[in-house]
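In: Just to be clear, the model below is a prediction. Sequence and coordinates:
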Amino acid sequence: MSRFKVEVRVTPRPGLLDPQGKAVQHALDSLGYEGVDSVRVGKLLVLELEADDAAAARARTEEMCRKLLANPVTEDFLIEVSELAPVEAE
Amino acid sequence: MSRFKVEVRVTPRPGLLDPQGKAVQHALDSLGYEGVDSVRVGKLLVLELEADDAAAARARTEEMCRKLLANPVTEDFLIEVSELAPVEAE
Amino acid sequence: MRIAVITFPGSNCDHDCYRALKLLDGVEPEFRWHRDTDLGGVDAVLLPGGFSYGDYLRAGAIARFSPIMEAVKAFALDGGPVVGICNGFQVLCESGLLPGALLRNESLRFQSYPVHIRVETTATPFTSHYRKGQVLRIPIAHGEGNYHAPPEVLAELEGDDRIVFRYCTPDAGLAPEANPNGSAHHIAGIVNEARNVLGMMPHPERAVEELLGSTDGLGLFQSLVNHLSAGATP
Amino acid sequence: MTNARTPGTGTPERESSAQRPEPRPGDPEITPELVADHGISQEEYERILRIMGREPTFTELGVFSAMWSEHCGYKNSKRLLRLLPTEAPWVIQGPGENAGVIDVGEGLALAFKIESHNHPSAVEPYQGAATGVGGILRDIFTMGARPIAVLDSLRFGDLASGRNRYLFSGVVKGIGDYGNCVGIPNIGGEVQFDQAYDGNPLVNAMALGLMKREELIKGEASGVGNTLMAVGARTGRDGIHGATFASEELSEDADESSRPQVQVGDPFTEKLLLEASLELIRSGHIVGIQDMGAAGLTSSASEMAGRAGSGVLLDTARVPVREEGMTPYEILLSESQERMLVVALKGEEDEVRRILEKWELEAEPVGEVTDDGYFRIEEDGRLVANIPALPLTEGCPTYEREGSEAEEVRRLREMDLSSVLEPEGDLSDYFLELLASPNVGSRRWIHDQFDTTVRTSTVIRPGGDAGVIRLGNTGRGVAATTDCNGRFCYLDPREGARAAVAEAARNLVCTGALPTAVTNNLNFGNPLKPHIYHQMREAVLGMAEACRLFETPVTGGNVSLYNETDGRAIFPTPVIGMVGILDDVERAVGSTFQQDGDVIILLGENREEIGASEFLYHFHDRIVAGLPPVVDLVAERRLQHGVLALAESGLLRSAHDCSEGGLATALAQSAVGGDGAPRGIRVKLHERFAPIALFFGETTGRVVISVRPEDESEVLGMCRNHGVPARVLGTVGTVGGPFRIDAPRGVINVPVEQAHHQYYDALPRYMDRDEKPEDPRSQIDG
Ligand SMILES: Nc1ncnc2c1ncn2[C@@H]1O[C@H](COP(=O)(O)OP(=O)(O)O)[C@@H](O)[C@H]1O
Ligand SMILES: [Mg+2]
């Protein structure tokens, strides 16, 4: 068993309107930041969990995403796992 | 000039109450996912912009974060830059 | 006397504020557009509620960069009275005119109903008409009203008598059930150090007529008018 | 047997064949499969061939498919809708426009309409509900009216299921976030939970708007040479074929297959669009405006041409888009939100643009009004579609079908329920449990998430019988409500629809408002099934009869069919949205008891009815059976006049209608409702029949009022004069006192705090705690 830090990036599906992104881009524009072609705003979830190994941590998170963390109709997700420490080390 | 994809992760500052994280953790709990020790919910901003190089892209994004994208009282931010393509290639 | 009501794209309480101010003798409310750069010599400024720029990034975050906000800042630093209600409070925090930030309600839900708030200090241009400890019944309507500030800032607010309103029970008690959003120290409204900038989440402009259920908000506007007319007669 | 009706004569075949679009590279070939995929029947396709005088292009096929969908073409409901009364001296605009409009005095006009977003909400509750509110608001402000209130009529399956809780919380949040951001107060609505709506929630949103009479503008493309401008948000690929989708049954894998049809709402842009549109309308630079709603640019442009009897020429390459490479087909059918089509006076396009720019929005010329009666589309100057406008908008075949009642329904209606009525004696436990039923308990959990007081004109917030808004500074007010009991309608659609109209009117008069006009939302299953068509026809007949008698004409509405999941239809749910006028808004009456010692009076009569009740559903295995309560429209009419007279004379301290949960529940709601502290009551009933029916039966035509003791005899006298049965039941007690109802064969006796707690805990017990672990998404932010 180890502890893992899992980052889940949840982003609006391509093609869907992203009003938040639009508003931010507009604001950056009017603040004079040129050359920003696109802004999408999503969610970042940072979890800490215990699992046997990185693959298990990822698999479990994937399931959580499908069930809860991301809305399959409007959002995509991406998972990144990094090991924190073996559980004994705690 | 190149185009860069810049990911900005905006997270609630440590110590700050994160009701959304709490709610997600709670929901995971009630779904029977054990061993999830901590959940923090933040924002993910994905920008596409043009800049001379990665360092310039980062510097510019840092400024945007300080000015607009994150609230220094409540949020931290982390920037990740990756090159998409030289602008000529477009 | 002339009071500016600022309209940002997405403001939706600007007309309500205008209407409330109109009820007071001698007050001439005037709208100012977010792109204006000049307040035009008004005596006070009101930042109304709503969802400036949709509140899409953070409530008030984008509005603070509106051209008019430069003028509002200068006006405030010069001692002019400024009131931010709901989204206006959020804009004031984002622009640094007030300390702290307003986070998502602890319930994660938008909450809209009449709450009770206790007047904590009458030593401001906005509350002289009330009694200290007086309980007002005023509607809230917000999703991000959970006031947050670092401990040292909260201590300063407490120590300097800068907490103007706290959420309370009908009989003036402080209780978690009476706090609609999880706000630190039950804070519903604060002033800046110079005491001329007020930010509050509840909507006093929605409590100025018996027909609509309460007139408890009138005192705030009356206090402001008294303050201004006292200053106007040297 | 279907029997299609041929539309207006003279299909202009010659001209259309003269201007035949070249096939567009990349477009698929027209095959029978492709036609079928567009939801177009063989018979309909033949009609298209006749109208066109040739085979349609792919783009044209898409256009027909959208315009002849049930959603836009009303092919299965149009003939029934003709049965509804639509006229009265105060009706300024009846059905056919974006919204109905009535005269409300003082030179003011009220626009109002209801609209469904059932299918989108089933797939994505948050966005589905949000965009539903967005659409109905646009319908209002495109008439020139400023939206002043919204209401929402909702149906969900049983809250015991996590999926239903997810849908419910998502829909409520979506409605709230959208309306709150635009700044329109929510003043009421309704929600019913029943397993009949499992997997197929109903989300009907209603909006009201106010304007000066002369500010009324229509959705007409008139004035040859005038410029069509696309205004507001850019066009993306979202919601392509939403109108066709809304006319299909949902299947198990709806989530997967419907993905591309999800539309995302942007209430901030809506708010800007609202301000810009009203400014535009008042500027005089435009002659017509319409929301690009269902079927997007296609329906707005063709309907505007159809109404004006003109034609339009559009170039899709000029439409501002969000994504690259969009085809004319996609641009024409996209249902991207927060867009308008505007007809600007020739030469005044720049003024239009300037107004939009002030609100940080775009306005682009995309075409012009023509006089040839054609809906003509070009892509960068090359013709891609050329369709006669009138046959396109009006020529959709309409069907009248055979209907027959389902055998099952007859059986349920005739079911023997006598054993249900057996319990006697102390019925307090039944009472307390019923108060906490999701169908009876307080809706505060819902409307606390809605801004109800923005615009500082809300006189009665949600929680009473109807919402009341003051009308500017006129001293007048408007009340609004939505009502329908799907169970009544299931067991007897005609009676159920009559009951819905009666309940709506009763809710209005309880606040002191005179019922004035109706908008309606017909939510039904698949009309091709005889028992569904039967439900539709019966419901419309019942609605028509009641509306005629009450002098509340129908000025508009919406039809949502194919509300079925895996072949099972929802209850027939003809939702009534009704508005009423208060001459003196200061006289508005609330529904809560005010003062101890006040006299409680029942208007109307108790009957031994228990059919179709919440009691039955809740305590007897979710059964929906028995005869729904009888509706006596003439007695209802007298009751309405009586209550109104009492309200106008200022004699009412409170008035509350009896509905779900019956008389005991109505008394409890008046005792514990409102923002004040709960008051006990002491009530004696004399009926000797089964106390279960007496306390919990849902007999219609009853109103509980309270009056000052000194007014009692005057009130009873007025009731006599109006022919309204009235009887003193008892008195209002003190804050925190006992809540007690005595009857010959039963009693309810509880501390009022307990009733209070049960009533307000009804929804939180499901939504705020995790007693039900399979309920994940409803608990976190969507
Ligand atoms: N979905 C909703 N949105 C807003 N208000 C609602 C909703 N559902 C119910 N309400 C409000 O709650 C109160 C009770 O509703 P309901 O039980 O339908 O009353 P009635 O039976 O008198 O029509 C009404 O004021 C109604 O407007
Ligand atoms: Mg109702």
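Out: Yes, it's here. Residues are numbered from 1 along each chain as shown, chains lettered A, B, ... in the order given. Ligands and ions are numbered 1, 2, ... in the order given.
In: Residues of chain A that sit close to chain B?
Out: A:3, A:7, A:9-11, A:21, A:24, A:27-28, A:31, A:33, A:35-51, A:60, A:64, A:67-69 (Cβ under 8 Å from any Cβ of the partner chain). Placement of C-beta: from N, CA and C, glycine included.
In: out of the residues you listed, who's near chain D?
Out: A:67, A:68.
In: Could you tell me which of the residues of chain A next to chain B count as buried?
Out: A:3, A:7, A:9-11, A:21, A:24, A:27-28, A:33, A:35-36, A:39-47, A:49-51, A:60, A:64, A:68-69 (16 or more other Cβ atoms under 10 Å in any protein chain shown).
In: Could you check which residue of chain C lies nearest chain A?
Out: In chain C, the residue that lies nearest chain A is residue C:56 (4.0 Å; Cβ to the nearest Cβ).
In: who touches the closest residue to residue D:599 other than its chain neighbours in this structure?
Out: Spatially, and ignoring its direct neighbours in sequence, residue D:599 is nearest to residue D:712 (4.9 Å; Cβ to Cβ, 6 or more residues apart in numbering or on different chains). Residue D:712 makes contact with D:599, D:601, D:728, according to Cβ atoms under 8 Å, 6 or more residues apart in numbering or on different chains.
In: got the residue ranges for the strands in chain C?
Out: C:2-7, C:28-33, C:44-47, C:82-85, C:101-103, C:111-119, C:135-142, C:146-148, C:163-168, C:187-191, C:197-200 (DSSP state E).
In: out of those strands, nearest to residue D:88?
Out: strand C:111-119 (35.3 Å; Cβ to Cβ).
In: send the alpha carbons of that closest one over as CSV?
Out: Output of strand C:111-119 as CSV, limited to C-alpha atoms (Å, rounded to 0.1, in the frame of the first residue of the first chain):
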residue,chain,number,x,y,z
GLN,C,111,-29.3,31.2,-0.9
SER,C,112,-32.1,33.7,-1.2
TYR,C,113,-34.4,34.6,1.7
PRO,C,114,-34.7,37.3,4.4
VAL,C,115,-32.1,37.0,7.1
HIS,C,116,-31.5,38.8,10.4
ILE,C,117,-28.5,40.9,10.8
ARG,C,118,-27.2,42.8,13.9
VAL,C,119,-25.9,46.3,13.7
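In: residues in contact with residue C:125?
Out: C:81, C:195, C:196, C:198, C:223, C:224, C:227, C:228.
In: Distance of the closest residue to it other than its chain neighbours relative to residue A:63?
Out: The shortest distance from residue C:125 to any non-neighbouring residue, by Cβ to Cβ, 6+ apart, is to residue C:227 (3.8 Å). Distance of residue C:227 to residue A:63, given as Cβ to Cβ, to the nearest Å: 60 Å.
In: Helix, strand or coil: sort out the residue in the stretch 51-200 of chain D positioned nearest to ligand 2 for me.
Out: Residue nearest to ligand 2 within the stretch 51-200 of chain D (Cβ to the ion): residue D:190, separated by 4.4 Å. What DSSP: H, G, I helix; E, B strand; the rest coil gives for residue D:190 is strand.
In: Any chance of TSV for the strands of chain C, columns mean pLDDT and distance to residue D:535?
Out: Putting the strands of chain C into TSV (pLDDT from 0 to 100; distance: least, Cβ to Cβ, whole Å) gives the following:
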stretch	mean pLDDT	distance to residue D:535
strand C:2-7	98	49
strand C:28-33	97	52
strand C:44-47	98	53
strand C:82-85	98	50
strand C:101-103	96	49
strand C:111-119	97	37
strand C:135-142	98	40
strand C:146-148	97	48
strand C:163-168	98	50
strand C:187-191	98	51
strand C:197-200	98	52
